[in-house]
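> Sequence first, then the predicted structure:
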Amino acid sequence: MAEPIISIRGLEKKFQSKNSEVYALKGINLDIHQGDIFGIIGRSGAGKSTLVRCINMLERPTGGQVLFEGKDLCRLPECDLREARRSMGMIFQQFNLLMQRTAEENVCFPLELTGTPRETARKRAAELLELVGLSKRASSYPSQLSGGQKQRVAIARALATNPKVLLCDEATSALDPSTTASILALIKDINRRLGITAVVITHEMSVIEKICSHVAIIAGGKIAETGPVEEVFYHPRTEAARTMVMPEALDPERLPQGRVVRIVFTGSSSLEPVIGNMILDCGRPLSILYSDLREIDGAVCGQMVLQLPDDAEACERIYAFAASRGLELEDMKHV
Amino acid sequence: MFDAQMIAMLWEGVVDTIYMTVVSTFLSYVFGMVLGVLLVICRRDGIWPRPVLYGVLDVVVNLTRSFPFLILMIAVIPFTRFLVGTTIGNNATIVPLVIAAAPFVARLIEASLLEVDSGVVEAAQSMGASTWQIIAKVLLPEALPSLLNGSAVAAITILGYSAMSGAVGGGGLGKLAIMYGYNRYQTDIMFATIVLLIIIVQLFQMLGNWATKRSDKRLF
Ligand SMILES: Nc1ncnc2c1ncn2[C@@H]1O[C@H](COP(=O)(O)OP(=O)(O)OP(=O)(O)O)[C@@H](O)[C@H]1O
Ligand SMILES: [Mg+2]
C-alpha cells in the first residue's frame, strides 16, 4: 500500500497541572491514507479532540511523532509548520467563523494570510461558496446564517487553500439530524470530487456509518481498535470496541432469558425478507430485540438481535437457514 | 448674568477641555494598545506566551493605576517640564493624563480582546496565521465594537482627570471651576462649567454608543 498521508507513531499527550498529571493520549498509532474518510469515535473525555488537535499541532504532543507526508510536524520550525497547516483545513463544532466578516470575507481570510491578491481571493471564494451551495449568502454575516449554513461557510473557508486533509472535530454535533445529514453528504462529496482526505471526529455511530471508510475507536486515551468500518463495527474484537459499538439495549446484563443471537448484515445479503423467511422455515415466532438495518445501494447493512425459541430443533433449523444465506449467528450470551 | 467676555472664556474652556481629552485619549491609546495587546498575548494561555513579561507588565500597570491622579500629576512634574518646557496649561496637562490613562486604557483593551472567542483564534492558527496576523486580522477586528465602547469610557475618564488637573495648573473647564467657582465663590460659573461638562460627557457617550452599534455585525 502507498505511504499514508498522516501517520501517527507512539503519540502521547500529558496535561500537567499543579499537583497532578493526566494522560489524555497514550501510545497512539494510526495510519490515514490518501482519500480515506477516517472516523475517530469515542465517548466524551476519551481524547478525540486532543488527538485531532495534535494532528495540526494546535496541541503540542508530549511524545511520539505525527508524520504528515513523511515530515514530522512535532519537529518542524514555526514557519514550516504554518506552511503545513495550510495543507490541512479544519472545521469545528462551534464553526468558529469571524463574526465581523461576511461569509465571503471569511472564505477570503486564509487567502489573505498567504498574501493572495484580493481579486484572485474573491474569485476563489465565489467558487467555494458555490461548491457548498451558499452563493446567495456571500454578503451575509455569520449572525444572519443558520448553524448548517455557518458550517458550510466554515467548510468553504477550510478548503480555500486547497488542503490535502480536512480535519473535522465534531463538525455536526451542534446541528439537527437533517442538517447533519446534509453536511455529512457535503463532506463525502468533497472527498470524492476533490480527493481530500477527511478525518472525522464524532461520538455518534451514525456519522461513521454514513460516510467513513475507516474508523478508530478511542477509549481512555488509547486506540482500542482500528480498521475498515464494517470490520470494526460488526465484528469488534476488543471489549472497549464492543461497548462502544453495541447499543446499550444489547448490554449482556440486560438481555432476556434464553438464547439471544446477533446477525450482521454486511451488504452481501439480497433484499429477500430474510427474517420473515426464517420464521416461516422454522415455524416458530422470533422476537426482534434490536435492529438497525439500512438499505445502502440495494444491499442490506447493519445488525439485528433476535431471541430464539427454546426448542432445540427449531434453533437448528434457524442456524441451517442462516448458513444457507451466508449469514453468521453470533451468540450474544457468550461474547 | 454672563457677559460676552465670560461666555468667550467658557467657550475657550470647552475647546481646551475637548482638546486635552481628545489628544490625551489618542496618545493613551497609542501606548495602551501596545500594553493591552501584550497583556493578552503574553499570558500563559496566550498566542505568544511570555509569563515573565506578562508578570512585569501586570505589576507596572497596577502600580500606575493605584496612584491618585493628583499625586501622579505632581510626581511627574520634572518629566513634564522636560517634555513640554512648562508645567501649566493644556499641553503640560496632557503628559500626566497620558501617563495615568495609558495603563487604564491597556486594561480596557485587554478586557475587550479577551472577549474574542478563543475558538476563532484557534481556527486562525489552524489556517497557519502568524502571531501578527492573529493580532491584526482576528483579535482587533473581532473586538472592534467592544474597543469602541471602551474608548468612550476612556475618553470620559480622561475628561474627568483633565477637570481635576485644573487644581494644579491644568487648563480647560476644570481651571474655570476652581478659579471662579471655588476661589471667588462665583457659583453661577461653577454651575455653568458643570453643565458644560455633563453635555460633553453625554456627547462622548452617545458617539461611543453609536460607533459601537454601527461597527457590530453580530446585531441584526
Ligand atoms: N487543557 C487541558 N488541561 C488538562 N486536561 C485536559 C485539557 N484538555 C483536555 N484535557 C483532558 O484530556 C482528556 C481528553 O479530552 P478531550 O477534550 O480530548 O476529550 P473528547 O474526547 O474530545 O471529549 P468530548 O467528546 O467531550 O469533546 C479529558 O480527560 C480532559 O479532561
Ligand atoms: Mg471534544
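Noted; the coordinates are in hand. Ligands and ions are numbered 1, 2, ... in the order given.
> From residue A:9, how far out is residue A:70?
Separation of residue A:70 from residue A:9 (C-beta to C-beta, to the nearest Å): 12 Å. Bear in mind the C-beta positions are built from the backbone N, C-alpha and C, glycine included.
> More neighbours: which of these two?
When residue A:70 and residue A:9 are compared for neighbours, residue A:9 comes out ahead with 15 against 9, by other C-beta atoms under 10 Å in any protein chain shown.
> Double-check that the more buried one belongs to a strand.
Yes: checked against DSSP: H, G, I helix; E, B strand; the rest coil, residue A:9 lies within a strand.
> show me the contacts for it.
Going by C-beta atoms under 8 Å, 6 or more residues apart in numbering or on different chains, residue A:9 touches A:29, A:64, A:65, A:66, A:67.
> Look at the residue of chain B found nearest ligand 1 and report its pLDDT.
Residue of chain B nearest ligand 1, by C-beta to the nearest ligand atom: residue B:45 (8.6 Å). Listed pLDDT for residue B:45 reads 93.
> Based on its surroundings, how many neighbours for it?
Count around residue B:45 with other C-beta under 10 Å applied: 6.
> What mean pLDDT does stretch A:116-125 get?
97.
> Which ones among the contacts of residue A:9 map onto strands?
Residues of the contacts of residue A:9 located in strands (DSSP state E): A:29, A:64, A:65, A:66, A:67.
> The fourth one reaches residue A:5, doesn't it?
No: the pair residue A:66 / residue A:5 is not scored as a contact, 11.6 Å apart, by C-beta atoms under 8 Å.
> what sits in contact with each of these two?
By C-beta under 8 Å, 6+ apart, no residue touches both residue A:66 and residue A:5.
> Looking at the two, which one has more neighbours?
More crowded of residue A:66 and residue A:5, by other C-beta under 10 Å: residue A:66, with 24 against 21.
> show me what contacts that one?
A:6, A:7, A:8, A:9, A:11, A:54, A:55, A:57, A:72, A:73, A:74.
> quick one: the residue lying closest to the second one once chain neighbours are set aside from residue A:74, how far?
Spatially, and ignoring its direct neighbours in sequence, residue A:7 is nearest to residue A:67 (4.2 Å; C-beta to C-beta, 6 or more residues apart in numbering or on different chains). With distances defined as C-beta to C-beta, the gap from residue A:67 to residue A:74 amounts to 9 Å.
> And residue A:183, by the same measure?
From residue A:183 over to residue A:74 (counting by C-beta to C-beta), the distance is 31 Å.
> So for the two, which sits in the more crowded spot?
When neighbours are counted by other C-beta under 10 Å, residue A:183 comes out ahead of the other of residue A:183 and residue A:74, with 24 against 17.
> now the more buried one: how far from chain B?
Separation of residue A:183 from chain B (C-beta to the nearest C-beta, to the nearest Å): 17 Å.
> What is the burial count for the nearest residue to residue B:166 once chain neighbours are set aside?
Counting by C-beta to C-beta, 6+ apart, residue B:166 lies nearest to residue B:174, which is 2.7 Å off, once chain neighbours are set aside. Residue crowding around residue B:174 was assessed by other C-beta under 10 Å; the count is 26.
> Correct me if wrong, but residue B:174 is in a helix.
Yes: Residue B:174 forms part of a helix when assessed by three-state DSSP.
> these two touch, right, it and residue B:161?
No: assessed by C-beta under 8 Å, residue B:174 is found out of contact with residue B:161, at 9.0 Å.
> Beyond the helix or strand containing residue B:10, next helix or strand please.
Secondary structure from DSSP states H and E places residue B:10 in helix B:4-41. Per DSSP H and E, the first helix or strand lying C-terminal to helix B:4-41 is helix B:51-66.
> same for the very next helix or strand once past that following helix, what does it pack against?
Per DSSP H and E, the first helix or strand lying C-terminal to helix B:51-66 is helix B:69-75. Counting contacts by 3 or more C-beta pairs under 8 Å, 6 or more residues apart in numbering or on different chains; DSSP states H and E, the secondary-structure elements packed against helix B:69-75 are helix B:90-114, helix B:140-165.
> Thanks a lot, see you next time.
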